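J.: take a look and give me a structure for this.
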Amino acid sequence: MQSILIRLRNLFYPPLPEFALQTDTANVLEYIRERVVTILLRLCVLFGFLSVSVGTISLWIKQDWAGILIGNIAFICIIFLAVNRKIHHRLRSAAFVSVAFAFLFLNLAKGLTEFSLVPLFAFVVMTTLLMGRRGGVFAFVISIFTLLFINWRLSTGELPYERTVATFSDPLFSLLSLYTDWLFFVGIFFFTTWIYFDGFNIAWEREQRATRLLAEERDRLAEAFTREQALLEQLSQTHQREIELSRLKSQIITTVSHEFRTPLTVINNSVELLTRYGDNLSMAKREEIQKRIENSVYALTDLLQDASLVNKAYSQGFKANMALLPFNGLSQRLKKDLLQATNEPHNVVFEFDGQDDTAVCLDYDFLYQAVFSLLTNALKYSPPEETIHMTLVQEGNLTVSVRDQGIGFAPEDTPRMWEPFFRGRNVADKQGLGLGLYLAKRLILAMDGTVTAVSPGVDQGSTFTIQIPPRPC
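T.: I've put the predicted structure just below:
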């Protein structure tokens, strides 16, 4: 029973299919129009069967054979159009409208009743729904001419006016004919509007799905654009680093080549003296010459080491290997290594608390290299008789300061003094690459520390301070 009801429902109300979003909108609209026409015709058959049956009996009682013939022929045409779905919906719409108007006009030509204008109004509405705006305008114009025709025939007396609203005392089929006709027109109008809302729902759902997909696609494009921007920025930064690295390597080669000349000249001249006059030189003189050669070799080694560290800082960066060391042990070790590396200078004074064994987390090699650069600068740019103070303090941060009474630096040089190859205007007569402070800062930054420099001015000394914050190892 349920399957019969479902088939019957699908016959008069075909279900809406699921349209893929990629389906052409024109195809969807064509399907909706064809479905509207089919359902309207089948509803006319459904409601019309009752109306035509009751009307035929009522007309037969009145012996109105022409009305019976017209009504049944129109109904048969509607059945044919409703069953034959192979005919294009536009052609079926035009045929349906034509049959409806012919039926309407023939009935109006016979006589005028209280309900004569209801089919005329329904004709305009159905034509508009089935054939669009142009069809609706055409139907409206025809309805106006039909009204003029009715008025003309009423004026000439050729068109009789009859009362058709039955009373309860009239025959049963005359009363039923009134209600079945009303049910036909109201039912057709109601269900046709319902069908159109189905079509609107299809369009609205497709619009919502399209909007959601567009929003998702917009978000994906925005994410892709953000990734592309980040990638472009990364590539730009990489390219800039490559340019800087290339420029740095070129500058390293130029600067090192220039700085190599003095030590190599010393070595060459010293070797030549030893070769030509070695037998005539005293032991003290030979030792002095050998010492100059040894110092020049050390200078060349330091130059190469600094150049190699700068290249590593740009290309790879420094990664600290942090370890825990007691403060007093760290201070003693740093003092011993620095004095040994600088040939035990008499004017360097170390100040620290030898009893403090607080654990400090740092990379000793990085700290040593940074402090060594600061100390060698202080020794190079300070008079031999002036004392250089190196202070180590552990108070939360590990603080290492190197204070001298040397040539100092101008305040305007402070921002650039940490750049590679930069040398102050008052150190032109001193040998060096200008890499020590740059490397010191990079090494301390690798341990999350800071390096600062303070000087009252040129020839007024300077103080360089390293601070390394506490951290777990």
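
J.: return the distance of the residue located most distally from the centre of the chain relative to residue 359.
T.: Most distant from the centre of the chain: residue 280, at 82.8 Å, with distances by Cα atoms, centre = their mean. Taking Cβ to Cβ, to the nearest Å as the measure, residue 280 falls 60 Å from residue 359. No exception for glycine: its C-beta is placed from N, CA and C like everyone else's.

J.: run the chain-centre distance for stretch 135-142.
T.: 53 Å (Cα atoms, centre = their mean, to the nearest Å).

J.: and the contacts of that stretch?
T.: Contacts with stretch 135-142, where a contact means Cβ atoms under 8 Å, 6 or more residues apart in numbering, come from 93, 97, 101, 123-124, 127-128, 131.

J.: list the contacts of residue 359.
T.: By Cβ under 8 Å, 6+ apart, the contact set of residue 359 is 324-327.

J.: check residue 143 too.
T.: Each residue near residue 143 by Cβ under 8 Å, 6+ apart is listed here: 120-121, 123-124.

J.: that one and residue 238: what is the separation?
T.: In terms of Cβ to Cβ, residue 143 sits 78 Å off from residue 238.

J.: and residue 444, by the same measure?
T.: Remark: distance between residue 444 and residue 238 (Cβ to Cβ) = 26 Å.

J.: quick one: which of these two has more around it?
T.: The neighbour comparison of residue 444 against residue 238 (other Cβ atoms under 10 Å) goes to residue 444, with 25 against 10.

J.: surely the more buried one touches residue 438?
T.: No: the criterion here is Cβ atoms under 8 Å, and residue 444 misses it with residue 438 at 11.3 Å.

J.: quick one: the helices in the stretch 51-200 of the chain?
T.: Taking DSSP state H, counting those that start in this stretch to define them, one finds helices in the stretch 51-200 of the chain at 65-83, 89-110, 117-156, 172-277.

J.: who touches the second one?
T.: It stands for helix 89-110. Looking at helix 89-110 with Cβ under 8 Å, 6+ apart, the contacting residues turn out to be 30, 33-34, 37-38, 40-41, 44, 66-67, 70-71, 74, 77-78, 81, 84, 87, 116, 119-120, 123, 126-127, 130-131, 135, 139, 142, 146, 149-150, 153, 159.

J.: now the stretch 351-473 of the chain, which segments are flagged as low pLDDT?
T.: 421, 423-433 (pLDDT under 70).

J.: just the buried ones from the contacts of residue 143?
T.: Listed as buried from the contacts of residue 143 are 120, 123-124; burial here means 16 or more other Cβ atoms under 10 Å.

J.: and of those, the nearest to residue 264?
T.: Nearest to residue 264 among the buried ones among the contacts of residue 143 is residue 124, at 109.7 Å by Cβ to Cβ.

J.: which residue sits closest to the closest one, ignoring its sequence neighbours?
T.: residue 139 (4.6 Å; Cβ to Cβ, 6 or more residues apart in numbering).

J.: counting neighbours, what do you get for the one you found?
T.: Around residue 139 there are 22 other residues, counting by other Cβ under 10 Å.

J.: and the gap between it and residue 90?
T.: Taking Cβ to Cβ, one finds residue 139 at 15 Å from residue 90.

J.: distance from the one helix or strand residue 360 maps to to the middle of the chain?
T.: Using DSSP states H and E, residue 360 sits within strand 359-362. Offset of strand 359-362 from its chain centre (Cα atoms, centre = their mean): 44 Å.

J.: stretch 447-463 now?
T.: From the chain centre to the centre of stretch 447-463 is a distance of 46 Å (Cα atoms, centre = their mean).

J.: now it - C-alpha only, PDB.
T.: Written as PDB, here are the backbone C-alpha positions of stretch 447-463 (Å, rounded to 0.1, in the frame of the first residue of the first chain):
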ATOM      1  CA  MET A 447      74.400  32.500  24.700                       C
ATOM      2  CA  ASP A 448      71.500  35.000  24.900                       C
ATOM      3  CA  GLY A 449      73.800  37.600  26.400                       C
ATOM      4  CA  THR A 450      74.600  41.200  25.600                       C
ATOM      5  CA  VAL A 451      77.700  43.300  25.000                       C
ATOM      6  CA  THR A 452      77.800  47.000  25.600                       C
ATOM      7  CA  ALA A 453      80.600  49.600  25.200                       C
ATOM      8  CA  VAL A 454      80.900  53.000  26.900                       C
ATOM      9  CA  SER A 455      83.500  55.700  26.400                       C
ATOM     10  CA  PRO A 456      83.600  59.300  27.600                       C
ATOM     11  CA  GLY A 457      85.300  60.200  24.300                       C
ATOM     12  CA  VAL A 458      88.500  59.900  22.300                       C
ATOM     13  CA  ASP A 459      91.700  59.300  24.400                       C
ATOM     14  CA  GLN A 460      89.500  58.900  27.600                       C
ATOM     15  CA  GLY A 461      89.500  55.100  27.800                       C
ATOM     16  CA  SER A 462      86.600  52.700  27.400                       C
ATOM     17  CA  THR A 463      84.700  50.000  29.200                       C
END
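
J.: can you list the buried residues in it?
T.: Applying 16+ other Cβ under 10 Å to stretch 447-463 flags 447, 449, 451, 453, 455, 461-463 as buried.

J.: how distant is stretch 68-79 from the center of its chain?
T.: The gap between where stretch 68-79 is centred and where its chain is centred comes out at 65 Å by Cα atoms, centre = their mean.
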